[in-house]
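J.: Sequence plus predicted model, see below.
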Amino acid sequence: MTIRKTHRTFLFLAVSSLLLTGFQNAAQQPAASLQGVVIEAGSTNPVPKATVEIGNAGGTAAEVTRTDSEGKFYIPTIAPGQYRIVVSHTGHVNAKYESLTLAPGQRANNVRIEMTRGGSISGHITDKGRPAGLSDAAVFRAVYTEGQLTFDPVMANRADDLGEYHLFWLPPGRYYLAAVIWETASAVGWITNAEGIDTPFYSQRQTSRAVFMRTTAGGVSDTEAHFPVFYPGAPDIQLAAVIDVLPGADLRGMDIEAGPQPTRRITGMVVGIPAVTTPTQGQPGNRVNVNMRSLMGTYISNQAQVPNATVDPNGTFVITRVVPGRYVLNASAGNLSGRTEVEIRDRDLNNITVLLSSGFAVAGRVTVERAATVPATPLTGIRIGLRTDPMSPGSTTYTTPVQGDGSFTIPASGPNGGPANNPGPLAGDYRVLVNPILTPPTDSRVQAIPPQFQSYFVKSIRMGDVDLLNDTLHLTSQPSDPLLIVIGTNPGSVRGKAAPGSTVVLIHDNALRYRVNEKTSTADAAGNFIFENVAPGNYKAFAWDTVERGIWQDPSFMRSQEERGVPVHVDEGKLSTIDSKLN
């Protein structure tokens, strides 16, 4: 017993000594210091009284200070480590210094941060010529997903009782401006903020009495509806004007008449409804519903933009108050579904037929051509998807996980290998997705790929002799051939030179352009850039000193920029060098 106790005592003392030594060494590390200046972008004018927040890698604020009359800030003592600096100031867009590493004892004296003045837009919103008090003015950034226009909300604000609105501290860029008149108390709204990011403001709308949150303007008839109207007065986004907001711009008189628009009526029949079943717990029987999803990007503010109805026992349905436009009309009953595209303009639509079906089953296999240096990774983290093509806000995606042996079936089987719980893909055109390796851009932000799949790329997708990596899958009947997907693990890389600080984008020069996210980089202080894990193929490299994020997904923009792109071919496992400096 004495020996064991002595042994434990010695071990305790040894560990304590080591810990104490470690703490002493950490405490003995000399502190760093930080000094910098905040100036107006494009000038040497200082920004006084700006708030400078230095945060650690976890996002916690380590130090907060303010700039002096000369725009300078000073942190005399700060622990060594990696930091991120965020600077805020009234009238400016928040500025960020993304990565700053401070070594023990380092004196970082030359940190220079530029702030851009925000712009402002103001005007009046009217409804049949009357002020639309408590309506919303909202700006949207155009996002082109697979070459089609969608929206990313940036900022919004509430008009006063006279219908006057004022959007301020707006980040410079190209925007669409819309007026939204609420017919009922809305569940979600936005507030203006200096970051230029939409902020859901649930509490105000949910806790206020509806009478105070409903727009104070003219009413609507049973055949009318308010929905977003884009400046200068277009319900159709294709007719809207693009507004260029420059740093410090003050755009006034941006008035919008946002009165109600006529709605239409749709009638039809759902065919193929199964025999009536008795509802059980968790299974409500074969109740059939129809709904409509717009094929045109817009902001939804009224039920008339996403109408739905319940089908009667005879299979007929009536949908009232439909906003004119192009839609997918969907019907569903248990594991049966159907859809058809409809376009409604200046008159009602009658006798629309939707055929219910269990859909088709698409089976296949994923094969990995594994490079010698790539460790084996389970395929169970990969999902295969079929998404209707062309992509639209109303698109349907059928997905299923890849099994351990690489096989998959769409739709996935039910419990214990039973029948699928969900319908399979219906007749139509589809893009094949391999998530997270080959996915369409949901917006301009590149989705993160898990570390174990970062060297993976889709090498080929085939069904029979059809190349589905660069083409669409045309389903007209039950396919007899499997869907075969080959994944490579030996990607290439690209390096080159551009103006220091410029944004460099590597864009596909084949059928995948506008269908996937493109790789981006920033040229360093010497002008060098590099792209890792590049799938083999043909590309063009572009560089811009300043460019709106994601605008390279806009076909009209790229047509004006095509000549400045530098072609580059990437082979498996090879480094491709761009010899000429990018403009």
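T.: Noted; the coordinates are in hand. Numbers count the residues shown, from 1 in each chain.
J.: dump the residue contacts of the spatially closest residue to Thr316 that is not a sequence neighbour.
T.: Counting by Cβ to Cβ, 6 or more residues apart in numbering, Met269 is the residue found nearest to Thr316 once chain neighbours are left out, at 5.2 Å. All C-beta spots, glycine's among them, are computed from the backbone N, C-alpha and C. With contacts defined as Cβ atoms under 8 Å, 6 or more residues apart in numbering, the neighbours of Met269 are 314-317, 351-354.
J.: try 7 Å this time
T.: 315-316, 353 (Cβ atoms under 7 Å, 6 or more residues apart in numbering).
J.: per-residue pLDDT, it?
T.: Confidence per residue is given as pLDDT, and for Met269 that number is 93.
J.: Please narrow the contacts of Met269 to those residing in strands.
T.: Secondary structure assignment (DSSP state E) places 316, 353 from these within strands.
J.: buried subset of the contacts of Met269?
T.: Gly315 (16 or more other Cβ atoms under 10 Å).
J.: Tell me the one among the contacts of Met269 nearest to Pro555.
T.: Of all the contacts of Met269, Pro555 sits closest to Thr353, with 34.9 Å by Cβ to Cβ.
J.: Could you report the pLDDT at the closest residue to Asp579 other than its chain neighbours?
T.: When the adjacent residues along the chain are set aside, Asp579 lies closest to Gly496, with 7.8 Å between them (Cβ to Cβ, 6+ apart). The predicted local confidence for Gly496 comes out at a pLDDT of 93.
J.: who's Gly496 bridged to?
T.: Residues found in beta-bridge contact with Gly496 (criterion: DSSP bridges) are Phe529.
J.: correct me, but it touches Gly527?
T.: No. Counting by Cβ atoms under 7 Å, Gly527 is not a contact partner of Gly496; they are 8.9 Å apart.
J.: Show me where this structure dips below the pLDDT cut-off.
T.: 1-28, 57-59, 145-148, 184-219, 276-286, 392-395, 413-421, 442-447 (pLDDT under 70).
J.: picking up where we left off before, part of a strand, is the residue nearest to Thr316?
T.: Yes. The secondary structure assignment for Met269 places it in a strand, going by DSSP: H, G, I helix; E, B strand; the rest coil.
J.: hang on, Ile485 in a helix?
T.: No. Counting by three-state DSSP, Ile485 is located in no helix; its state is strand.
J.: residues near it, how many?
T.: Around Ile485 sit 27 other residues, with neighbours defined as other Cβ atoms under 10 Å.
J.: Against Phe457, how distant is it?
T.: The gap separating Ile485 from Phe457 is 11 Å, by Cβ to Cβ, to the nearest Å.
J.: swap in Asn528?
T.: Computed with Cβ to Cβ, the distance linking Asn528 and Phe457 is 24 Å.
J.: Who has more neighbours out of those two?
T.: When Asn528 is set against Phe457 and neighbours are counted by other Cβ under 10 Å, the residue ahead is Phe457, at 21 against 13.
J.: Skipping adjacent residues, who's closest to that one in space?
T.: Sequence neighbours aside, Ala535 is the residue nearest to Phe457 in space, at 3.6 Å (criterion: Cβ to Cβ, 6+ apart).
J.: Verify the stated contact: the one you found with Lys459.
T.: No. Using Cβ under 7 Å, Ala535 is not in contact with Lys459; the gap is 8.1 Å.
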